[in-house]
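> coordinates for the following, if possible.
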Amino acid sequence: MHREVHGRFGLRFAIDHLIDEVDPQDYAALVVPGGFHSHGFDEAYCQPLRDLAKTIHRQGGIIATMCVGILPIAESGLLEGGEATSYAFSRSHDNLGRLRELGCKSTSGPIVVWNRIISCSGPAYSVDVASLLLASLVGMDEAKEIALFMAGTSV
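Sure thing, here's the model as predicted:
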């Protein structure tokens, strides 16, 4: 793991805590964004991330993923017998096929919520995933109020 992550389009992000430094008891949710396999996303398939996901989920937490972020979660075994979606237009990876190989029913729908695991078919739905996660964490009424503030609308 690295203290700085280099994004596909030249962005750099400083990392506050490496996965091994995270105490899962401190978290009610885990967010796994997608990425490009050709630009470092393969590192997301690490055992520490799988273990963190399983622990957070086992203690009742929510897992929200975007795009191919669902694949490491599927590899952890959390989606066996479940349902999810992923980015379907990769030139070099059959992401929906990989979900099926891992015992998950894959769908081409935009968003799937199954057993406290949220997946989406691409970056266009990331805000929707974040909104679902927010509603799961704070409740629908509070999430609607936050949405009004975000839209610049009075409550």
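> test my guess that Met66 contacts Tyr125.
Yes. With contact defined as C-beta atoms under 8 Å, Met66 reaches Tyr125; the gap is 7.4 Å. For glycine as for every other residue, the C-beta is placed from the backbone atoms N, C-alpha and C.
> all the helices of this protein, residue numbers only.
47-58, 70-75, 95-101, 126-138, 140-150 (DSSP state H).
> any idea of the angle the last one forms with helix 126-138?
Angle between the axes of helix 140-150 and helix 126-138 is 130 degrees (criterion: axes from the mean of the first three to the mean of the last three C-alpha atoms, to 10 degrees).
> for helix 140-150, which helices and strands make contact with it?
When contacts are defined as 3 or more C-beta pairs under 8 Å, 6 or more residues apart in numbering; DSSP states H and E, helix 140-150 packs onto helix 126-138.
> tell me the pLDDT at Val22?
Looking at Val22, its pLDDT stands at 93.
> residues in contact with it?
Leu52 (C-beta atoms under 8 Å, 6 or more residues apart in numbering).
> if I look at it, how far off is Tyr87?
26 Å (C-beta to C-beta, to the nearest Å).
> check Ser136 too.
Using C-beta to C-beta, we find Ser136 at a distance of 23 Å from Tyr87.
> for the residue most central in space within the chain, name its beta-bridge partners.
In the chain, the C-alpha nearest the mean C-alpha coordinate belongs to Thr65, at 1.5 Å (C-alpha atoms, centre = their mean). Beta-bridge pairing for Thr65 (DSSP bridges): Val32.
> that one is in contact with Ser121, isn't it?
No. The criterion here is C-beta under 8 Å, and Thr65 misses it with Ser121 at 10.9 Å.
> mind listing what the residue nearest to the centre of the chain touches?
31-34, 73, 117-120, 129.
> how about JSON lines for the helices of the chain, with distance to Thr107 and mean neighbour count added?
Listed next are these as JSON lines, based on distance: least, C-beta to C-beta, whole Å; neighbours: other C-beta atoms under 10 Å:
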{"stretch": "helix 47-58", "distance to Thr107": "20", "mean neighbour count": "17"}
{"stretch": "helix 70-75", "distance to Thr107": "11", "mean neighbour count": "26"}
{"stretch": "helix 95-101", "distance to Thr107": "8", "mean neighbour count": "17"}
{"stretch": "helix 126-138", "distance to Thr107": "15", "mean neighbour count": "16"}
{"stretch": "helix 140-150", "distance to Thr107": "24", "mean neighbour count": "12"}
